[in-house]
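Asks: Make a model of this:
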Amino acid sequence: MELWITIIVVIVILFYLVSIYNKLVSYKNRFKNAFSQIDVQLQRRYDLIPNLVETAKGYMAHEKSTLEAVIQARNAAVSASKSAADNPGDASTMKELAAAETLLTGSLGKLFALSESYPDLKANETMNNLMEELTTTENKIAFARQAFNDSVMQYNILREQFPSNMIAGFYGFAAAELLEIEEPAAKKPVKVSF
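Replies: Okay, the predicted model is just below:
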């Protein structure tokens, strides 16, 4: 009788440990899937940028350095995005992606600021459509990034809780990194004029 009780207790404990392992796997796959949603929107953004630069190029011929900076920032962001897509939980690739996206956002901001100086460019329908698409894409990226960060947070909480932390440590479930893109414009004081 005691043997049966011991066997049942061992089986219950094993099922419990297996369920913890499976939950860790599930949460890890959730944040990977959430990153793939970011990746889709980032690719859309990267595809829009060359069209935006080509449209602006005809109007802003003497702003060549700004246009080249946007393209270089885009290429760096594409490269960082590919690295992050291969391992979305890795801290170094997430930091590299965040830095590249911050640089790209800054260079696009400069392009938009300069485009204000060109009335013909501001009136160009193609440019306006591209800027509208880019704005819509930026919003989608923000939502996808929030979903990713929420998934990472749930995963990290689970892997740090007891007894999940023992299973996570034993099977190598490393902490995942949040994707936090610093937006310099968000830190500037808001100008209000009446």
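Asks: Flag the shaky bits of this protein, pLDDT-wise.
Replies: 183-194 (pLDDT under 70).
Asks: Which strands or helices does whichever helix in it runs longest pack on?
Replies: What stands out as the longest helix in the chain, according to DSSP state H, is helix 2-57. Packed against helix 2-57, as judged by 3 or more CB pairs under 8 Å, 6 or more residues apart in numbering; DSSP states H and E, are the following elements: helix 64-86, helix 91-115, helix 125-160, helix 164-171. Any C-beta I mention is one placed from the backbone N, CA and C, and that applies to glycine too.
Asks: So what's the residue count around the closest residue to Y46 other than its chain neighbours?
Replies: Using CB to CB, 6 or more residues apart in numbering and skipping residues adjacent in sequence, the residue nearest Y46 is V78, 5.2 Å away. A total of 17 residues lie near V78 under the criterion other CB atoms under 10 Å.
Asks: cool, and the one 3 residues further on?
Replies: Applying other CB under 10 Å, we find 22 other residues in the vicinity of S81.
Asks: can I assume it is in contact with Q41?
Replies: No. Under the criterion of CB atoms under 8 Å, S81 makes no contact with Q41, lying 10.3 Å away.
Asks: Can you list the buried residues in stretch 15-25?
Replies: If you call a residue buried by 16 or more other CB atoms under 10 Å, then stretch 15-25 has these buried ones: 20-21, 24.
Asks: Likewise for stretch 135-146?
Replies: Counting neighbours by 16+ other CB under 10 Å, the buried set in stretch 135-146 is 137, 140-141, 144-145.
Asks: next one: stretch 91-98
Replies: Taking 16+ other CB under 10 Å as the basis for neighbour counts, the residues of stretch 91-98 that come out buried are 93-94, 96-98.
Asks: pretty sure P88 is touching R30, no?
Replies: No. Contact between P88 and R30 fails when scored by CB under 8 Å: they sit 11.0 Å apart.
Asks: more crowded one of these two?
Replies: Using other CB under 10 Å as the criterion, P88 and R30 rank with P88 on top: 25 against 17.
Asks: what about the closest residue to that one other than its chain neighbours, how many residues close to it?
Replies: Among residues not flanking P88 along the chain, F35 sits closest, at 3.6 Å (CB to CB, 6+ apart). Other residues within reach of F35 by the criterion other CB under 10 Å amount to 27.
Asks: V152 versus F35, what's the distance?
Replies: 9 Å (CB to CB, to the nearest Å).
Asks: Could you do Y118 as well?
Replies: 41 Å.
Asks: okay, those two: which has more neighbours?
Replies: Neighbour tally, Y118 and V152, criterion other CB under 10 Å: the higher count belongs to V152, 25 against 15.
Asks: OK, contacts around that one?
Replies: Residues near V152 by CB atoms under 8 Å, 6 or more residues apart in numbering: 31, 34, 89, 176-179.
Asks: Give me the buried subset of those.
Replies: Burial by neighbour count, judged by 16+ other CB under 10 Å, picks out 31, 34, 89, 176-177, 179 from the contacts of V152.
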